[in-house]
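Q: Fold the following and give me the result.
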Amino acid sequence: MFLKGKTLWNHIDGSSLALTDAKDLTQWETKDAYIISWILASIEPRMVNNLRSFGTAKQMWDYLRCIYHQENTARHFQLELEISQFNQGNLSIEQYYSEFINLWSEYSGIIYSKVSQETLEGLQAIHEESKQD
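A: Below you'll find the predicted structure:
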């Protein structure tokens, strides 16, 4: 989200390639260095040396994605179980709602993680429309 908010995501997804014009290249390298600094500051110190050999933020990101991305089948099942068994018990209505929304948010993140952006936008539109019924 941070990178998208700063319009830097294109360095990570590969749509912004280093340019040949000297001025544009300098700007691209500055942005890429900014992202690299953010990545290095955001990871465990013991992981920093693993990333030193990569020359661009995209290369670092791809490496980290390869290392940490995993199928969430077990977590998916666990969340379904937790959601199905979730009850208010001694929680206030605010606590109950907040904890349920946290579970649901993580669950929907797993469900929608492999959906294309176009399809996701369609699903969100349908969801918004169904809220009005």
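
Q: how does this protein divide up, domain by domain?
A: 2-68, 73-131 (automatic domain parsing).

Q: so which of those domains is the most packed in?
A: Comparing the domains of the chain by mean neighbour count (mean count of other CB atoms under 10 Å), domain 2-68 comes out on top with a mean of 13. Any C-beta I mention is one placed from the backbone N, CA and C, and that applies to glycine too.

Q: on that earlier part again, tell me, which of the domains of the chain is the model least confident about?
A: Per-stretch mean pLDDT for these is lowest at domain 2-68 (a mean of 78).

Q: Go ahead and confirm residue 39 touches residue 54.
A: No - look at residue 39 against residue 54 with CB atoms under 8 Å: they stay out of range, at 9.5 Å.

Q: shared neighbours, those two?
A: Taking CB atoms under 8 Å, 6 or more residues apart in numbering as the contact rule, residue 39 and residue 54 both touch residue 60.

Q: what helix or strand does the residue sitting furthest away from the middle of the chain sit in?
A: Centroid-distance maximum for the chain: residue 90 at 33.2 Å, with CA atoms, centre = their mean. Per DSSP states H and E: residue 90 is located in neither a helix nor a strand.

Q: Distance of it relative to residue 12?
A: 44 Å (CB to CB, to the nearest Å).

Q: likewise residue 106?
A: The spacing between residue 106 and residue 12, counted by CB to CB, is 22 Å.

Q: before we move on, what about residue 117?
A: As for residue 117, its distance to residue 12 is 15 Å (criterion: CB to CB).

Q: Return the helix or strand containing residue 81 as CSV; C-alpha atoms alone will do.
A: Using DSSP H and E, the element containing residue 81 is helix 73-85. Extracted in CSV, the C-alpha atoms of helix 73-85 (Å, rounded to 0.1, in the frame of the first residue of the first chain):
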residue,chain,number,x,y,z
THR,A,73,-4.4,-23.7,2.3
ALA,A,74,-3.8,-24.5,6.0
ARG,A,75,-4.4,-20.9,7.1
HIS,A,76,-7.5,-20.8,4.9
PHE,A,77,-8.9,-23.8,6.6
GLN,A,78,-8.0,-22.6,10.0
LEU,A,79,-9.7,-19.2,9.4
GLU,A,80,-12.9,-21.0,8.1
LEU,A,81,-12.9,-23.0,11.3
GLU,A,82,-12.3,-20.0,13.5
ILE,A,83,-15.1,-18.0,11.7
SER,A,84,-17.6,-20.9,12.0
GLN,A,85,-16.9,-21.3,15.7
